[in-house]
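Chemist: missing the sequence, but the structure's below:
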């Protein structure tokens with residue numbers, strides 16, 4: 001009976017939290033629409049694909065955290081809040097990166113933008129994930145403009161790039 005009660009409480013809390021994931025889910029929805037839009041250029045679609053993969057990566061890591069202690073409803077709520085905050089910060093980080101890159105007219109300036117954003121990504125891990133093949137799959141792929149680590153604390157990385165002088 002105790003297990004049944006716990007299962008019902010966990011199920012209801014998960015259902016109740018579905019709406020709490022609106023930020024992450026909305027980013028996935030918007031980005032998937034761009035990925036699927038054949039009228040968009042390849043680079044735009046790749047950027048959107050990166051966003052989808054980052055949010056899905058974070059969801060996977062959050063799920064792993066939640067499953068470690070299924071009795072911790074507050075911890076579950078905290079993880080969902082963190083997922084939304086991180087997803088929104090990632091969205092802003094990538095959009096700011098694209099904006100700064102497009103504003104750069106010289107190759108030197110573009111390199112500075114790329115380096116600062118890549119460094120902010122790699123120097124601010126969130127989960128300290130040791131699966132480097134996965135975590136650095138974009139970071140080490142020159143075909144993608146968004147060469148960032150999947151394991152990034154996007155809130156800190158965004159703060160870092162915003163705090164830098166760009167002149």
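Modeler: All right, it came through fine. All of these numbers come straight from a predicted model, not from anything done at the bench.

Chemist: Output the below-cut-off pLDDT ranges for the chain.
Modeler: 1-21, 166-167 (pLDDT under 70).

Chemist: 50 - rerun?
Modeler: Along the chain, segments meeting pLDDT under 50 span 1-18.

Chemist: Regarding it, what is its longest helix?
Modeler: Identified as the longest helix of the chain according to DSSP state H is helix 73-103.

Chemist: Helix 73-103 and the helix or strand following that one, what's the angle between them?
Modeler: Counting by DSSP states H and E, the next helix or strand C-terminal to helix 73-103 is helix 107-122. Between the axis of helix 107-122 and that of helix 73-103 there is an angle of 170 degrees, by axes from the mean of the first three to the mean of the last three CA atoms, to 10 degrees.

Chemist: Remind me what helix 107-122 packs against, helices and strands.
Modeler: Helices and strands touching helix 107-122, by 3 or more CB pairs under 8 Å, 6 or more residues apart in numbering; DSSP states H and E, are helix 73-103, helix 154-163. C-beta coordinates here come from the backbone N, C-alpha and C atoms, glycine included.

Chemist: Make JSON lines from these and add distance to residue 114 and mean neighbour count to it.
Modeler: As requested, the helices and strands packed on helix 107-122 are exported to JSON lines (distance: least, CB to CB, whole Å; neighbours: other CB atoms under 10 Å):
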{"stretch": "helix 73-103", "distance to residue 114": "7", "mean neighbour count": "18"}
{"stretch": "helix 154-163", "distance to residue 114": "11", "mean neighbour count": "18"}
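
Chemist: can I get those helices in CSV with distance to residue 137?
Modeler: Converted to CSV, the helices and strands packed on helix 107-122 look like this (distance: least, CB to CB, whole Å):
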stretch, distance to residue 137
helix 73-103, 15
helix 154-163, 17
